[in-house]
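A.B. asks: What would the 3D arrangement of this be:
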Amino acid sequence: MAKLLMGVTSSISLQLLRGQLEYFSKQGYDIHLICSPSGEIDRMLPENITVHNVRMTREIAPFSDLLSLLRIIMIYLKVRPDITNVSTPKASLLCMIAAFLTRTPMRIYSVIGLRFETCTGKKRKLLHFIEKLVCKLSTTCLAVSSSLKEVLVEERLAPREKIHVLGSGSYNGLDLAEFQLDVVEVAHLKKQYSPDNRRKVIGYVGRLTKDKGIDDLVAAFTELSEEHENLKLLLVGDFEEGDMVSPLTEKRIEEHPDIIKTGFVPKTASYYRLMDVFILPTYREGFGNVILEAAAANVPVITTNVTGAKDAIIPNETGLLVEAGHVADMKKALMTLLEDTDLADKFSRNGRMRVGREFRSEIIWHQLDSVYRETEVDKQDVYEMEK
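C.D. replies: Numbering: from 1, shown residues only. Here you go, the predicted model:
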């Protein structure tokens, strides 16, 4: 039985792995997980997954990071995994260093986004160096989209032959059963968040940060709401201290009568059913999984022409693309889909069919299983290959 050790920074990231750990457990893998301690983990994972709690911070904290690294090294020495697959920035760095030092034969770095893309100066240089180090220490890089792979190559973070994309992209795919209409739950949510059926709902799901383009979205909605009285903005998510929106945006979100912020929601599938149009106005993504989720719920989508996000739609067939930061174009795209119901219906149908055809979880998991089995390397040969 192959030992598979996975690492994520926090339990929130486990939402991105829904169903995957159970699948690989049934395939016969002995699965271990490194994650920051959280009371939610026990109810989020099956009993046969061994969890190793290691406190990790999202931001750079040298002393704390060193202590976490030492703890992680001890876990690798104890478990002696055949394969490690790590993602999210801090867990990837610490786990990959530990995996390399303890001679883990197969070291997979799942690249789900590049934070340095929207940074400048010394911070960008530091984050770029960290990404290059993690890629260098890995034996395989899995990029979650084709455009992300191209950035990895262009930035000389890893050679093209070392980087793979599973199918058409995505980190975990989607379980379409989650997005079947739950009439009772949707009715409850409508009563709570959108009791006025006369209003059109613009929706967003995710972290409320600058990188996600929330400043632009709120600015666009504020202008639209002054021109059209029948609009509402539903933000399913919460603020994040590491990348805060502007004070003006925060004030508007908290005080605007037609902007609703739900806070963090563990299961978002039914929330899409409240939306007439979904938008992800991001400046960078690994892939943009929420776009697939909206499509699976039959909601027409808009996103930006940036790394990762643009892979999640086929322009003018399953959604609309706008340039990041272009508030005027964003407004135009939103009104196009809110007013042209035929076009919105076309995008909804095509988007859902594409999700079912290319992004079902089983498709992604099967290809990942092939990577695990086909790229196995004898322990004695690993360091010879890296010379």
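
A.B. asks: Now whichever strand or helix holds L152: buried residues?
C.D. replies: Taking DSSP states H and E as the definition, L152 sits inside helix 146-154. Neighbour-count burial for helix 146-154 flags 147-149, 151-153 (criterion: 16 or more other CB atoms under 10 Å). In this view, the C-beta of every residue, glycine as well, is placed from N, C-alpha and C.

A.B. asks: Kindly report the same for stretch 159-175.
C.D. replies: Here stretch 159-175 shows 162-163, 165-166, 168-174 as buried, counting by 16+ other CB under 10 Å.

A.B. asks: ok, A309 touching V301?
C.D. replies: No. Using CB atoms under 8 Å, A309 is not in contact with V301, being 10.0 Å away.

A.B. asks: which residues are in contact with both of these two?
C.D. replies: Residues touching both A309 and V301 (CB atoms under 8 Å, 6 or more residues apart in numbering): 280, 291.

A.B. asks: distance between the ends of stretch 190-200?
C.D. replies: Stretch 190-200 has an end-to-end distance of 12 Å (CA to CA, to the nearest Å).

A.B. asks: Give me the average confidence score over it.
C.D. replies: Mean pLDDT, stretch 190-200: 87.

A.B. asks: so how far is that stretch from its chain's centroid?
C.D. replies: Taking CA atoms, centre = their mean, to the nearest Å, one finds the center of stretch 190-200 at 28 Å from the center of the full chain.

A.B. asks: what residues does that stretch touch?
C.D. replies: Stretch 190-200 is contacted by residues 201, 230-232, 234, 258, 260, 262, 274, 276-277, 338 when judged by CB under 8 Å, 6+ apart.

A.B. asks: Please repeat the previous calculation with a cut-off of 10 Å.
C.D. replies: 201, 203, 224, 228-232, 234, 236, 258, 260, 262, 270-271, 273-277, 334-335, 337-339 (CB atoms under 10 Å, 6 or more residues apart in numbering).

A.B. asks: Please check these and keep the buried ones.
C.D. replies: Buried among the contacts of stretch 190-200 by 16+ other CB under 10 Å: 201, 203, 224, 231-232, 234, 236, 258, 260, 262, 270-271, 273-277, 334-335, 337-338.

A.B. asks: Please list the members of these that lie in helices.
C.D. replies: 224, 334-335, 337-338 (DSSP state H).

A.B. asks: residue boundaries of the strands in the stretch 101-250 of the chain?
C.D. replies: Using DSSP state E, counting those that start in this stretch, the strands found in the stretch 101-250 of the chain span residues 106-111, 140-143, 163-165, 200-205, 231-236.

A.B. asks: Can you tell me which of these is nearest to F129?
C.D. replies: strand 106-111 (14.8 Å; CB to CB).

A.B. asks: Show me which positions of that closest one end up buried.
C.D. replies: Buried residues in strand 106-111 (16+ other CB under 10 Å): 106-111.

A.B. asks: Just give me the closest of those residues to C35.
C.D. replies: S110 (14.6 Å).

A.B. asks: can you pull the pLDDT of the nearest residue to R273 once chain neighbours are set aside?
C.D. replies: Computed as CB to CB, 6 or more residues apart in numbering, the closest residue to R273 that is not its neighbour in sequence is V186, at 4.5 Å. The score at V186 is 93. That number is its pLDDT.

A.B. asks: So which other helices or strands are in contact with the helix or strand containing A98?
C.D. replies: According to DSSP H and E, A98 maps onto helix 89-101. Other elements packing on helix 89-101 under the criterion 3 or more CB pairs under 10 Å, 6 or more residues apart in numbering; DSSP states H and E are strand 3-7, strand 30-35, helix 62-79, strand 83-86, strand 106-111, helix 121-137, helix 382-386.

A.B. asks: repeat that with 7 Å
C.D. replies: The helices and strands touching helix 89-101, judged by 3 or more CB pairs under 7 Å, 6 or more residues apart in numbering; DSSP states H and E, are helix 62-79, strand 83-86, strand 106-111, helix 121-137.

A.B. asks: The last one vs helix 146-154, what angle?
C.D. replies: It stands for helix 121-137. Counting by axes from the mean of the first three to the mean of the last three CA atoms, to 10 degrees, helix 121-137 lies at 90 degrees to helix 146-154.

A.B. asks: distance between helix 121-137 and the chain's centre?
C.D. replies: 20 Å.

A.B. asks: cool, the first one as well?
C.D. replies: How far helix 62-79 lies from its chain's middle: 25 Å, per CA atoms, centre = their mean.

A.B. asks: on that earlier part again, would TSV of the buried residues of stretch 159-175 with pLDDT and distance to R115 be doable?
C.D. replies: Converted to TSV, the buried residues of stretch 159-175 look like this (pLDDT from 0 to 100; distance: CB to CB, whole Å):
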residue	pLDDT	distance to R115
K162	97	20
I163	97	18
V165	97	20
L166	95	22
S168	94	24
G169	94	19
S170	93	19
Y171	90	16
N172	94	20
G173	94	24
L174	94	24
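
A.B. asks: Return the member of the residues you listed nearest to R124.
C.D. replies: Using CB to CB, the buried residues of stretch 159-175 come closest to R124 at I163, 21.0 Å.

A.B. asks: Now for the nearest residue to Y204 once chain neighbours are set aside: which residues touch it?
C.D. replies: Once flanking residues are discounted, Y204 sits nearest to L235: 5.3 Å by CB to CB, 6+ apart. Contacts for L235 (CB atoms under 7 Å, 6 or more residues apart in numbering) come out as 204, 208, 253, 259-262.

A.B. asks: So C141 sits against P159, correct?
C.D. replies: No. Assessed by CB atoms under 7 Å, C141 is found out of contact with P159, at 9.3 Å.
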